[in-house]
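Asks: What follows is a predicted protein model with its sequence.
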Amino acid sequence: MDCAGDLQGLLGRLPGVSAVEVLGAAGIVTVAHQGNLEPAMVSEQAGRLGLRLLPADTPPARQAASRAGRGWWRTPRLLALAAATVLLMGGLAANSLAPLESLATALFLATVAVGGIFPVRTAIGVLRRRRLTIGTLLVIATAGALALGVIEEAALLVVVFSLGEVLEDYVSDRARGAIRALMALAPPTAHRQAPDGCLEEVPVQQLQPGELVLVRPGQRLPTDGLVVAGGSAVDQSPVTGESLPVEVMPGTEVFGGTINGTGALTLKVTKPYQDTVLARIIRQVEQAQTHKGRAQRFADRFGATYTPLMVALAVLVATIPPLLGGDWRGFLYRGLVVLVVSCSCALVISVPVAVVAAISRAARDGILIKGGAHLEALGRVRVVVLDKTGTLTRGHPRLTDVVPLDGQDAAQILALAAAVEATSEHPLASAILAAATQRGLAWTPGEGLQATPGAGVTATVNGQRLFLGRPDADGSRSTLTGQAAQHQQTLEAAGKTTVVLAAGDRPLGLLAVADQLRPEATRAVADLHRLGLRTAMLSGDHQRVAHAIARQAGIDDWRGGLLPEHKTSAIEDLRQAHGPVAMVGDGINDAPALATADVGVAMGAAGADVALETADLALMADDLAKLPQAVRLARRALANIRQNIILSLVAVAVLVAAALAGTLSLAGGLLLNEGTALLIIANGLRLLRPTGPTPSMPRDPQHLGGG
């Protein structure tokens with residue numbers, strides 16, 4: 001974290017660079033440039049700060065990422081710390097024996113020289129760029145301690161600070177380890193089938209759409225593709241979070257990073273490596289810090305002003321009292337202690353570490369959260385709005401009833417409806433056409449198709465202009481009265497979507513289509529209620545149909561007969577009445593409503609490219625039960641971030657107050673400071689654990705009512 005601002009400044013001065021983003025908690029540096037920047041130039045600049053940067057998509061970078069965290073104990077920084085610790089222990093032992101005081105002093109000085117190599121080198125580079133960092137404060141404090149002759153404390157300062165840095169790097173690296181775990185899901189190579197039928201092992205980055213790859217039993221799938229031969233049960237939990245293996249066969253879409261079962265599969269590659277679902281998930285998680293929430297923005301502002309303020313305070317403590325007659329040596333020592341206890345980046349690093357940990361945990365559970373801002377927004381949501389078709393229901397309606405009117409024949413009504421829908425993209429077209437085909441009916445596709453969103457379709461069949469759509473949607477033409485209206489009410493009360501086939505202003509028949517409620521929908525809604533959230537359902541269906549589906553699912557508020565623009569108004573109304581709103585849809589339809597909500601949630605995003613790009617939060621599997629899990633995780637993250645901020649500010653206040661009062665030594669202050677920082681960062685890493693039950697929040701007992 002000390003180097004983040006310096007690295008940003010160094011890389012920003014390179015020719016052609018327009019923007020630099022340093023994501024410290026994720027270990028990612030993003031450089032936007034005009035296309036003429038060589039990776040070697042970036043690596044050279046980073047090397048001036050003792051950092052090693054590698055292009056993200058190269059095999060060496062992937063290997064380095066996989067090794068990072070396992071080989072941290074081999075670093076030169078740790079070797080210097082180990083040597084300094086041995087010298088310090090020798091100095092303390094010699095200091096206890098009067099005849100060896102000179103040896104103790106020499107060992108303490110050697111401790112400072114060895115342990116201070118890396119902090120001093122970094123501090124010199126930073127000071128050359130006229131900046132102050134937390135590491136710079138330590139070097140100043142150590143130099144002051146040597147000037148005051150407290151050599152033993154100077155040695156303790158160097159060792160304790162270096163130990164704290166190593167431990168902070170280690171615990172922070174655990175958050176980056178979550179991203180490395182995602183990267184490790186995709187195997188580095190694939191068995192590609194050559195034109196002559198032979199297999200060749202190639203890096204996954206070289207796979208191109210249309211090529212064939214073989215996946216043996218038990219292997220991870222190297223890329224996204226379609227099964228063209230073989231059958232198996234694939235464990236998709238690494239990508240979608242689904243707990244049960246999915247049966248695949250020729251024609252089934254599969255995702256890279258998932259695990260093949262007992263059968264061999266031949267896949268046709270459908271996407272370049274960088275566009276696979278897993279690669280895009282990793283990219284979104286890596287870039288999650290760019291969408292900063294309020295807590296992270298506060299931490300950034302705090303970090304920008306904290307160090308200069310502490311330096312100014314230390315200077316005032318060391319100079320003003322002696323000028324007024326105080327003991328200069330004593331107050332200089334107090335000023336050094338103020339510097340030492342302020343040598344902490346706990347707040348600055350703990351918030352992004354918590355965000356990265358939470359988002360990485362979510363990604364491993366099949367929940368993609370686009371950034372800290374969306375994570376915070378989800379944790380504050382008070383109302384969850386669900387689209388009906390494809391979200392609460394399976395989205396595969398089937399025809400259940402054909403009710404002829406005015407002496408018509410049921411088969412004739414269905415054939416005419418199929419003719420109207422033959423070239424339509426109306427949501428109910430597939431159900432009507434499937435039923436007509438199943439019954440062996442023949443029809444000629446209608447001509448002059450005209451679709452009215454939210455109403456229905458009109459087409460000319462055998463010279464007659466026919467309308468098929470919602471009753472009352474197009475004025476008096478399809479208005480139902482008498483027995484027809486009774487049939488409509490009966491069908492819709494049973495939760496069936498009803499459309500009318502009309503010729504001019506004469507209704508010819510009714511067709512009813514039903515969509516099954518998802519098996520997990522009722523449990524998911526109940527879980528949301530236990531979390532203290534209100535639920536609402538928005539639908540283009542008639543109010544009676546919406547009421548029936550909402551009643552089955554146990555939803556508070558149901559609003560039917562809505563056009564897309566009405567859904568955005570409904571979300572605004574719910575927000576004003578109850579607070580922040582999350583809207584759950586398929587990520588493609590209802591785009592205005594998803595954009596209007598505080599959090600837009602897309603379901604089944606693993607198979608929908610648009611959903612991965614547009615939603616604030618994407619449930620990779622078509623599983624509504626993931627939504628309460630995401631809310632619980634977001635609330636855990638909010639609570640964790642609040643804990644870290646409060647503990648950081650309290651620790652700074654207490655330690656600085658003690659330093660000003662003269663009750664802390666240099667080594668004691670630094671030890672307490674580093675211990676607090678480690679505690680705060682470790683607290684953020686608790687979010688890597690699986691999400692458990694969350695205590696429920698009290699719900700507003702007022703019923704929202706039908707809308």
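Replies: Cool, got the structure.

Asks: Which parts of the stretch 351-500 of the chain are helices?
Replies: Listed in chain order, the helices of the stretch 351-500 of the chain (DSSP state H, counting those that start in this stretch) span residues 372-380, 410-421, 429-438, 482-493.

Asks: between the ones you listed, which one is nearest to residue 263?
Replies: Using C-beta to C-beta as the criterion, the shortest distance between residue 263 and the helices of the stretch 351-500 of the chain is 30.4 Å, found for helix 429-438. Any C-beta I mention is one placed from the backbone N, CA and C, and that applies to glycine too.

Asks: when you compare where the closest one runs with where helix 410-421 runs, what's the angle?
Replies: Interaxial angle of helix 429-438 relative to helix 410-421 (axes from the mean of the first three to the mean of the last three C-alpha atoms, to 10 degrees): 130 degrees.

Asks: which helices and strands does helix 429-438 pack with?
Replies: The elements that helix 429-438 packs onto, with contact taken as 3 or more C-beta pairs under 8 Å, 6 or more residues apart in numbering; DSSP states H and E, are strand 398-404, helix 410-421, strand 506-514.

Asks: Show me how far it is from its chain's centre.
Replies: A distance of 40 Å separates the centroid of the chain from that of helix 429-438, by C-alpha atoms, centre = their mean, to the nearest Å.

Asks: Any idea how many residues pack against residue 221?
Replies: The local packing of residue 221 (other C-beta atoms under 10 Å) involves 30 other residues.

Asks: Verify the contact between it and residue 257 for me.
Replies: Yes - between residue 221 and residue 257 there is a contact under C-beta atoms under 8 Å: 6.7 Å.

Asks: re earlier: can you redo the helices of the stretch 351-500 of the chain as JSON lines with mean neighbour count and mean pLDDT?
Replies: Putting the helices of the stretch 351-500 of the chain into JSON lines (neighbours: other C-beta atoms under 10 Å; pLDDT from 0 to 100) gives the following:
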{"stretch": "helix 372-380", "mean neighbour count": "23", "mean pLDDT": "89"}
{"stretch": "helix 410-421", "mean neighbour count": "22", "mean pLDDT": "92"}
{"stretch": "helix 429-438", "mean neighbour count": "18", "mean pLDDT": "90"}
{"stretch": "helix 482-493", "mean neighbour count": "16", "mean pLDDT": "85"}
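
Asks: got the domain boundaries for this protein?
Replies: When the chain is parsed into structural domains using automatic domain parsing, the resulting residue ranges are 4-56, 189-274, 367-394+518-627, 398-514.

Asks: Which among the ones you listed is found nearest to residue 681?
Replies: Across the domains of the chain, residue 681 has its closest neighbour in domain 4-56 (9.8 Å, C-beta to C-beta).

Asks: Same list, the helices of the stretch 351-500 of the chain, but as a markdown table with distance to residue 297 please.
Replies: As requested, the helices of the stretch 351-500 of the chain are arranged in a markdown table below (distance: least, C-beta to C-beta, whole Å):
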| stretch | distance to residue 297 |
| --- | --- |
| helix 372-380 | 9 |
| helix 410-421 | 52 |
| helix 429-438 | 47 |
| helix 482-493 | 49 |
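
Asks: Quick check: which of those is nearest to residue 326?
Replies: Relative to residue 326, the nearest member of the helices of the stretch 351-500 of the chain by C-beta to C-beta is helix 372-380, separated by 45.9 Å.

Asks: what's the next secondary structure element after the helix or strand harbouring residue 595?
Replies: Secondary structure here is read from DSSP states H and E; on that basis residue 595 sits in helix 591-596. Towards the C-terminus, the helix or strand next in line after helix 591-596, according to DSSP H and E, is strand 599-603.

Asks: per-residue confidence averaged over that following strand?
Replies: Over the span of strand 599-603, the pLDDT mean works out to 86.

Asks: how much space between residue 409 and residue 416?
Replies: 10 Å (C-beta to C-beta, to the nearest Å).

Asks: no, scratch that, I was asking about residue 313
Replies: Following C-beta to C-beta, the distance that separates residue 313 from residue 416 is 84 Å.

Asks: hang on, the earlier thing: tell me which residues in the helix holding residue 595 are buried?
Replies: 593-594, 596 (16 or more other C-beta atoms under 10 Å).

Asks: what's in contact with it?
Replies: Defining contact as C-beta atoms under 8 Å, 6 or more residues apart in numbering, one finds that helix 591-596 is touched by 385, 387, 538, 564-565, 567-568, 570-572, 583, 585, 587, 600-602, 614-615.

Asks: Narrow these to those that are buried.
Replies: Applying a neighbour-count criterion of 16+ other C-beta under 10 Å, the buried members of the contacts of helix 591-596 are 385, 387, 538, 567-568, 570-571, 583, 585, 587, 600-602, 614-615.

Asks: ok, residue 311 touching residue 336?
Replies: No - in this structure, residue 311 sits apart from residue 336 without contact. The criterion is C-beta under 8 Å, and the distance is 11.6 Å.

Asks: Quick check: neighbours shared by the two?
Replies: Shared contacts of residue 311 and residue 336, counting by C-beta under 8 Å, 6+ apart, come down to residue 140.

Asks: These two - which one has more neighbours?
Replies: Between residue 311 and residue 336, counting by other C-beta under 10 Å, residue 336 is the more crowded of the two (29 against 18).

Asks: Check the gap between that one and residue 319 for me.
Replies: As it turns out, when the distance is counted by C-beta to C-beta, residue 336 lies 13 Å from residue 319.

Asks: Over to residue 221?
Replies: In this structure, residue 221 and residue 319 are separated by 67 Å, where distance is defined by C-beta to C-beta.

Asks: What of residue 137?
Replies: In this structure, residue 137 and residue 319 are 17 Å apart, going by C-beta to C-beta.

Asks: who's more crowded, these two?
Replies: Comparing residue 137 with residue 319 by other C-beta under 10 Å, the one with more neighbours is residue 137, at 24 against 15.

Asks: Which phi and psi values does residue 439 adopt?
Replies: Reported as degrees, to the nearest 10, the phi and psi values for residue 439 are phi -90, psi 0.

Asks: So it is in contact with residue 411, correct?
Replies: Yes - with contact defined as C-beta under 8 Å, residue 439 reaches residue 411; the gap is 7.0 Å.

Asks: what mean pLDDT does the longest helix anywhere in the chain have?
Replies: With residue count as the measure and DSSP state H as the assignment, the chain has helix 626-661 as its longest helix. For helix 626-661, the per-residue pLDDT values average out at 90.

Asks: And the next helix or strand past it?
Replies: Moving toward the C-terminus from helix 626-661, the next helix or strand (DSSP H and E) is helix 666-685.

Asks: For the chain, which helix or strand comes out least confident on mean pLDDT?
Replies: Ranked by mean pLDDT, DSSP states H and E, the weakest helix or strand in the chain is helix 59-67, scoring a mean of 44.
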